[in-house]
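S.K.: Below are the sequence and a predicted model for it; my questions follow.
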Amino acid sequence: MITGGGTGMGLAIAKEFARLGANVVIASRKAEVLEKAAEEIRQGAAAGAEVAWFPLDVRQPDAVEEVAAKVTERFGFAEILVNNAAGNFVVPASQLSVNGWKSVIDIVLNGTFYCTEAFGRRMIEAKKGSIVNMVATYAWTGGPGTVHSAAAKAGVLSLTQTLAVEWGLHGIRVNAIAPGPIEQTGGAEKLFSVPSVAEAVRKGVPLGRFGRPEEIAWAAAYLVSDYAAYVNGACIVADGGAWLNEGFVRLFES
């Protein structure tokens, strides 16, 4: 089960999981986007891998529970959950509206909890499962213009670590990925549409380039695989070393 699975990193993760033979369910708010994404996923899926999609607003706990029930009815239960649904925009904290704050917190933090609770209960019953949450390095470093998103992502990181301890007793692993600047994503389109800004960000990455969605998918595939069977409560930073280089801080200063 992959939320925000119709585009960007979520779609890349869905494609990789299907290529490896998993049955994949993607969810997001726009049915037309999901339908198109599902066809893309099927084209590269391993033989026998099924692809399904459900429109879902993760801010609505009743809707999340309904989708969890439908997924369970069709596939038994979702052994893997990737919480990728997100919402973000850059704004100085002094100019952030109450509605703007609530919107991001509701999608990123509350939505992650609602999905984790609904699918996690079923994992507890099965005594196995793996959850991957998407966070960001500014959850622990801070970052200008991101107070709403940073607070939400910090909450998700804490949720990840707390449930890793609590649900590890049930055979469930909970981990996170903190992507850096990734091309072909909604965030990149919004933030880096100005060439000078994109170049400033690129220079802030020690590897000298943006990441690719499939590189995040590979990290997710590792975390849910048997190769990571003893990895629990961890966060993989996949940003080319940008956070160590304070690239985003220099970007905003410039």
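M.R.: Good, I have the coordinates. Predicted model, so just to flag it, every value in this text is computed and none were measured. Numbers count the residues shown, from 1 in each chain.
S.K.: Without its sequence neighbours, what residue ends up closest to A152?
M.R.: On the basis of C-beta to C-beta, 6 or more residues apart in numbering, the spatially nearest residue to A152 that is not a chain neighbour turns out to be V108, at 3.7 Å. The C-beta positions use only the backbone N, C-alpha and C, and glycine is treated the same way.
S.K.: Next one, pLDDT for that neighbour please.
M.R.: If you check V108, the pLDDT there is 98.
S.K.: How about E189?
M.R.: The score at E189 is 68. That number is its pLDDT.
S.K.: now do the one 3 residues further on
M.R.: F192 is assigned a predicted lDDT (pLDDT) of 69.
S.K.: where do the strands sit along the stretch 151-254 of the chain?
M.R.: With strands called from DSSP state E, counting those that start in this stretch, the stretch 151-254 of the chain shows them at 172-179, 235-238.
S.K.: contacting residues around the shortest one?
M.R.: Contacts with strand 235-238, where a contact means C-beta atoms under 8 Å, 6 or more residues apart in numbering, come from 135, 137, 157, 160, 175-180, 211, 215-216, 219, 222-223, 243.
S.K.: Could you point out which residue ranges in the stretch 151-254 of the chain have low pLDDT?
M.R.: Within the stretch 151-254 of the chain, the ranges that satisfy pLDDT under 70 run 186-192, 246-254.
S.K.: Apply 80 and report the result again.
M.R.: Scanning the stretch 151-254 of the chain for pLDDT under 80 picks out the ranges 184-194, 197, 245-254.
S.K.: which residue packs closest to G111, ignoring adjacent ones?
M.R.: Once chain neighbours are set aside, the closest to G111 by C-beta to C-beta, 6+ apart is V58, at 3.1 Å.
S.K.: contacting residues around that neighbour?
M.R.: The contact partners of V58, taken as C-beta under 8 Å, 6+ apart, are 3, 27, 64, 85, 107, 110-112, 114-115.
S.K.: ok, so of these, who is nearest E79?
M.R.: Relative to E79, the closest of those is C115; by C-beta to C-beta it sits at 14.4 Å.
S.K.: roughly how far apart are that closest one and E32?
M.R.: With distances taken as C-beta to C-beta, to the nearest Å, C115 is found 22 Å from E32.
S.K.: which of the two has more neighbours?
M.R.: Set C115 next to E32 and count neighbours by other C-beta atoms under 10 Å: C115 wins out with 28 against 9.
S.K.: Checking the more buried one next. Helix, strand or coil?
M.R.: With DSSP: H, G, I helix; E, B strand; the rest coil as the basis, the three-state label of C115 is helix.
S.K.: OK, contacts around it?
M.R.: Under the criterion of C-beta under 8 Å, 6+ apart, the contact partners of C115 comprise 1, 3, 58, 64, 68, 81, 83, 85.
S.K.: hmm, 6 Å instead?
M.R.: Contact criterion C-beta atoms under 6 Å, 6 or more residues apart in numbering gives 3, 58, 64, 83 as the residues in contact with C115.
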